[in-house]
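>>> The sequence and its predicted three-dimensional model are supplied below.
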Amino acid sequence: MNTSKRKGKQKKNRSLKTWIVATLILSIIYVWLQQKGDIDNMWPGTPIQDAAPITGLHPVVAENEELLIRKTARRGIEIVITHGYRSSDEQDALFNQGRSSAGNIVTNARGGESYHNYGLAIDFALRTPEGDVVWDMERDDNKNGQADWMEVVELAKELGFTWGGDWANFPDYPHLQMDFGLSINELKRGKRPPETK
Ligand SMILES: [Zn+2]
């Protein structure tokens with residue numbers, strides 16, 4: 001074999017190796033995106049699981065909502081659940097508030113993008129001894145030296161809720177949710193939490 005032929009063969013081998021490596025990297029990226037749940041946006045053909053329509057709060061969330069109301073009451077705090085399940089249309093209307101309709105912007109989630117749409121979130125407010133519903137995070141009506149709002153949050157966390165006030169980019173202080181480890185993308189694709197804990 002002369003030198004130029006050998007060089008040609010080396011080149012071929014090298015390009016084959018590059019292809020194998022590139023294919024491998026792309027496969028890894030594909031699997032990673034699929035697990036992350038982002039692939040739907042890039043890959044419209046990904047099958048969406050059939051899921052029964054959601055019409056109310058998830059039973060486990062409803063049960064913990066009741067527990068939260070009782071536990072806070074025992075501490076002398078009355079809470080009001082201002083939002084629970086929200087349909088996709090109701091969510092869209094809320095998203096438009098402060099954008100295409102009047103009012104302040106209250107959410108960054110469109111229909112199908114909020115845990116409320118899957119019956120997995122509730123919003124609370126406080127009822128004062130005078131009977132007013134307030135979103136006051138400082139008041140201490142049970143006079144134990146702790147802000148009532150944060151007492152509610154603490155009890156909610158004990159029950160397994162995550163608190164919207166912990167979100168760095170768009171804190172949502174009245175918001176409590178139970179996501180069962182499911183991302184919004186997974187819920188959108190039809191994944192559902194078990195009916196019991
Ligand atoms: Zn909420």
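Arrived safely, thanks for sending. Residues are numbered from 1 along each chain as shown.
>>> Contacts only, for Leu155.
For Leu155, the contacting residues are Leu68, Lys71, Thr72, Arg75, by C-beta atoms under 8 Å, 6 or more residues apart in numbering. For the C-beta atoms, the positions are set from N, CA and C on the backbone; glycine is no exception.
>>> Let's see that with 10 Å instead.
Counting by C-beta atoms under 10 Å, 6 or more residues apart in numbering, Leu155 touches Leu67, Leu68, Arg70, Lys71, Thr72, Arg74, Arg75, Ile77, Ile79, Phe161.
>>> Quickly list the domain ranges of this structure.
When the chain is parsed with automatic domain parsing, its domains come out as 3-42, 59-188.
>>> Lowest mean pLDDT across those domains, which one is that?
The minimum mean pLDDT among the domains of the chain belongs to domain 3-42 (a mean of 74).
>>> Asn117: how many residues sit nearby?
Neighbours of Asn117 under the rule other C-beta atoms under 10 Å: 24.
>>> and the gap between it and Glu154?
Distance from Asn117 to Glu154, counting by C-beta to C-beta, to the nearest Å: 27 Å.
>>> Which residue does this structure have closest to the ion?
His175 (3.4 Å; C-beta to the ion).
>>> Hmm, Ser114 and that residue touching each other?
Yes: counting by C-beta atoms under 10 Å, His175 touches Ser114, with 9.2 Å between them.
>>> In contact with the closest residue to Gly160 other than its chain neighbours: list those residues for me.
Excluding its sequence neighbours, the residue lying closest to Gly160 (C-beta to C-beta, 6 or more residues apart in numbering) is Met178, at 6.0 Å. Met178 makes contacts with 57-58, 60-61, 64-65, 115, 119-122, 156, 159-162, 193, 197, as judged by C-beta under 10 Å, 6+ apart.
>>> Those: which ones sit near the ion?
Subset of the contacts of Met178 in contact with the ion: Ala121, counting by C-beta under 5 Å from the ion.
>>> Check which residues of stretch 131-142 are buried.
Judged by neighbour count using 16 or more other C-beta atoms under 10 Å, the buried positions of stretch 131-142 are Asp141.
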